[in-house]
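Undergrad: build me a model from this:
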Amino acid sequence: MSDPTSTISVLRILDGSGDTHVSWDRDGVAAGDPEAMAAVREAERIFEKARAGGAAAFQIMPHGPARKLDRFDPDASEVLVIPAMVGG
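TA: The predicted structure follows:
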């Protein structure tokens with residue numbers, strides 16, 4: 001679980017290749033820092049691609065149940081993406 005006082009956000013994707021993650025600094029995004037802006041754009045791109053492929057996404061809440069996300073939230077401290085299960 002992430003630290004609720006941290007300004008670092010993370011997008012985690014759990015799939016067959018393991019736990020992939022992209023992190024960004026929310027304060028850096030607010031200040032227009034190019035590195036932070038690039039990281040949040042990459043996280044959003046990954047999120048949108050995963051959702052288009054049927055993945056479920058959840059905002060992990062520090063003191064409560066996870067909240068399902070239909071849209072990327074760059075202000076979330078932690079987002080977990082779980083690809084759709086494939087039978088076989």
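Undergrad: for Tyr40, give me the pLDDT.
TA: Actually, residue 40 is Val. It isn't Tyr. Among the per-residue scores, Val40 shows a pLDDT of 96.
Undergrad: correct me if wrong: it contacts Trp24.
TA: Yes - shown here, Val40 and Trp24 form a contact pair, counting by C-beta atoms under 8 Å, at 4.4 Å. Glycine gets a C-beta too; all of them are placed from N, C-alpha and C.
Undergrad: what's the overlap in contacts for those two?
TA: 9, 74 (C-beta atoms under 8 Å, 6 or more residues apart in numbering).
Undergrad: can you tell me the element the residue most central in space within the chain falls in?
TA: Nearest residue to the geometric centre of the chain (C-alpha atoms, centre = their mean): Leu11, 2.5 Å. Using DSSP states H and E, Leu11 falls within strand 8-15.
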